[in-house]
Each structure stands twice: as structure tokens, then as C-alpha cells.
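A.B. asks: please work out how this folds:
(one chain, ligands or ions: 1)
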Amino acid sequence: MTSTTLEYALEADGLVQHFARPGREPLHVLDGLDLRVREGEFAAVLGPSGSGKSTLLNILAGLDRPGSGAVRVGGSGSVAYMPQKDLLFPWRTVEDNAILGLEVAGVKKKAAREQVAPLFEEFGLAGFEHSYPAQLSGGMRQRAALLRTVAMNRPVLLLDEPFGALDALTRTQLHLWLAETRQRHGWTIVLVTHDIREAVILADSVHVLSPRPARVTHRLEIDLPLPRTADTFALPEFARLERELLVALGTLG
Ligand SMILES: Nc1ncnc2c1ncn2[C@@H]1O[C@H](COP(=O)(O)OP(=O)(O)OP(=O)(O)O)[C@@H](O)[C@H]1O
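C.D. replies: Here you go, the predicted structure:
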């Protein structure tokens, strides 16, 4: 991964990935995948289960190297990554979980606590700073994990199905909350999901993956008006985009 002045906040070109399998031919997971995300853009990567979404994010995060292809991140060249199984440490308070990434980056505990303090209110966690993860609801835990990711103050956020394990009502509440919060902050986000509604309510652009080996088969601009609210779900344009994505995924004829 290199850092330079780029036209895009994040560029991935021709990503190819194979995984070795004992006694069988390698599993071909990514097949020349391209992705371009502008600064301040919310890009959703939508694909069926097993299509290679986590593989893609691991490469974008710099945790894995692609077999071929390249990733470039603008600004400082670094990203903040919230993996799918982003476990909060049960023995740390919400506050101490929130500062974990900063501590790992070398920030002193006191300074890290001061840095994250203003975020608790906005993330609906004010008053729970000294609670332990087991004392939070599922939605609050995901917000705490997201707070920890955002606290890293990196130019690009990578989110791997952050709401996948939540019940439908909590998930919708978090969608509306994130839609508002990210607009206020202007974050650049790549979110992978297999939830079409999630992609449409949140994103500026949706990048549809083919089944494995994955490439981007469609890129759809989501030009629904901002701010996105509960009323957005009722727009005819929302239903039209949902249907278009069902077709792009091959779910409808
Ligand atoms: N390190 C690895 N070694 C071998 N195979 C792997 C490895 N990582 C992923 N795979 C395989 O690559 C394929 C794609 O996995 P990946 O987790 O990227 O898919 P996904 O789209 O994120 O799936 P889901 O939506 O179900 O989480 C799967 O078949 C998986 O078994």
C-alpha cells in the first residue's frame, strides 16, 4: 500500500486472489476487482455470501497481499478497519475498548480517553463509558465497536457487515443513525454487505460483486436525497433501486 496525492481516497486495481487448498486446485476468490472511492463517498460493496467481500476488505486494510493488483489510499495512506467479528474485550470497559486502537497506535491512555470522550454522546453511549460490553445491548456494542474504529481518525473507514448480527429493528435504527452521523462527519466509507436495503439507505454508490471469483459487475450511483431518514424508505426511487440491485445480483430474472 502506498500513500500519495490521489484523485480518489481509495483505489483498487485488478485485485486477484487465490487461496491454496490441500489436495485441490487453489480457490479463485477475486478475479480482477476494481474499486474507486472518492473522498467523502460512502461506497457499499454488495455481494452474495462467500463471494469474497471479507477477502477484499482484508486486502484494502493491508492485512493481506493480493496475488496481483494494487491498492492505493490517499492522505496518510492508512485506513481504520472494523472486521466482521469485531469483538469488544469483555474485561475492558466501553471507554477502554474505545481507546484500544489509539493505545495500540502509541497514544497514552489519558490522552486517548480525552480524545474519545466527545464521541460517546453522539454514539448513544453517554453514561455507559464505565460499563462492560456484557451490560450493553447488541446495537450498543456495535456502536461501541464503530466508535473505536472512528476514534482512530483515519481518512478511510472499512466496515465488514457491521450490522449483520443484529435484529431487523435494531439494524434499521442503526442505519438511520449512521446515515445521519456520517453525513455530519463526511467520512469516506467502504462497507461490505449482503443487505440490499442497507446499501441503498446508506450509500452514495453500490458496487455489485459477481459470485466467486468476484469482480465488480455493476456500479450504481444512489442519488436519493440527503438527509436519509425513515421517509427515504417510502420513496418510489428507493424501491426502484432495490429492485435494480436484486436484478444486478441475479436474484430476479
Ligand atoms: N485465508 C483463507 N484461506 C483459504 N480460504 C479462504 C481464506 N479466506 C477466505 N477463504 C475462502 O474464500 C472465500 C471467500 O471468503 P470471504 O470471507 O471473503 O467471503 P464473504 O463474501 O465475506 O462471505 P460472507 O458474506 O459469508 O462473510 C470462501 O470460500 C472462504 O472459504
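
A.B. asks: for the closest residue to residue 142 other than its chain neighbours, give me its contacts.
C.D. replies: Spatial nearest neighbour of residue 142, chain neighbours left out: residue 162 (5.8 Å); criterion: C-beta to C-beta, 6 or more residues apart in numbering. From N, CA and C alone the C-beta is placed, and that goes for glycine too. Counting by C-beta atoms under 8 Å, 6 or more residues apart in numbering, residue 162 makes contact with 82, 86, 142, 145, 146, 174, 191.

A.B. asks: need these in a markdown table with pLDDT and distance to residue 62, can you?
C.D. replies: Converted to a markdown table, the contacts of residue 162 look like this (pLDDT from 0 to 100; distance: C-beta to C-beta, whole Å):
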| residue | pLDDT | distance to residue 62 |
| --- | --- | --- |
| 82 | 90 | 15 |
| 86 | 63 | 17 |
| 142 | 90 | 24 |
| 145 | 93 | 20 |
| 146 | 92 | 20 |
| 174 | 91 | 27 |
| 191 | 97 | 18 |
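
A.B. asks: most neighbours among the residues you listed, which one?
C.D. replies: residue 191 (27 neighbours; other C-beta atoms under 10 Å).

A.B. asks: helix or strand: which one has the residue nearest to residue 142?
C.D. replies: When elements are assigned from DSSP states H and E, residue 162 belongs to no helix and no strand.

A.B. asks: then residue 95?
C.D. replies: Going by DSSP H and E, residue 95 is in helix 94-98.

A.B. asks: about what we covered before: now the residue nearest to residue 142: how far from residue 18?
C.D. replies: 28 Å (C-beta to C-beta, to the nearest Å).

A.B. asks: ditto for residue 198
C.D. replies: From residue 198 to residue 18 the distance is 29 Å (C-beta to C-beta).

A.B. asks: what sits against residue 185?
C.D. replies: Counted by C-beta under 8 Å, 6+ apart, residue 185 has contacts residue 150.

A.B. asks: what's near enough to touch residue 129?
C.D. replies: 93, 94, 95, 120.

A.B. asks: and the residue of the stretch 101-250 of the chain found nearest the ligand, how many neighbours?
C.D. replies: Using C-beta to the nearest ligand atom, the closest approach of the stretch 101-250 of the chain to the ligand is made by residue 194 at 5.5 Å. Residue 194 has 18 neighbouring residues, counting by other C-beta under 10 Å.

A.B. asks: ok, residue 23 next?
C.D. replies: Residue 23 has 4 neighbouring residues, counting by other C-beta under 10 Å.

A.B. asks: check contacts around it.
C.D. replies: Residue 23 neighbours (C-beta under 8 Å, 6+ apart): none.

A.B. asks: going forward, count from 41.
C.D. replies: Noted, 41 is the first residue going forward, which turns the last one into residue 63.

A.B. asks: could you count how many residues lie near the nearest residue to residue 211 once chain neighbours are set aside?
C.D. replies: The shortest distance from residue 211 to any non-neighbouring residue, by C-beta to C-beta, 6+ apart, is to residue 203 (4.6 Å). Using other C-beta under 10 Å, residue 203 is surrounded by 24 other residues.

A.B. asks: cool, the one 3 residues further on as well?
C.D. replies: The tally of other residues near residue 206 (other C-beta under 10 Å) stands at 17.

A.B. asks: next one: the residue lying closest to it once chain neighbours are set aside from residue 291, what distance?
C.D. replies: Of all residues not flanking residue 206 in the chain, residue 178 sits nearest, at 5.3 Å (C-beta to C-beta, 6+ apart). Distance, residue 178 to residue 291, using C-beta to C-beta: 27 Å.

A.B. asks: pLDDT at residue 68, what is it?
C.D. replies: Per-residue pLDDT puts residue 68 at 96.
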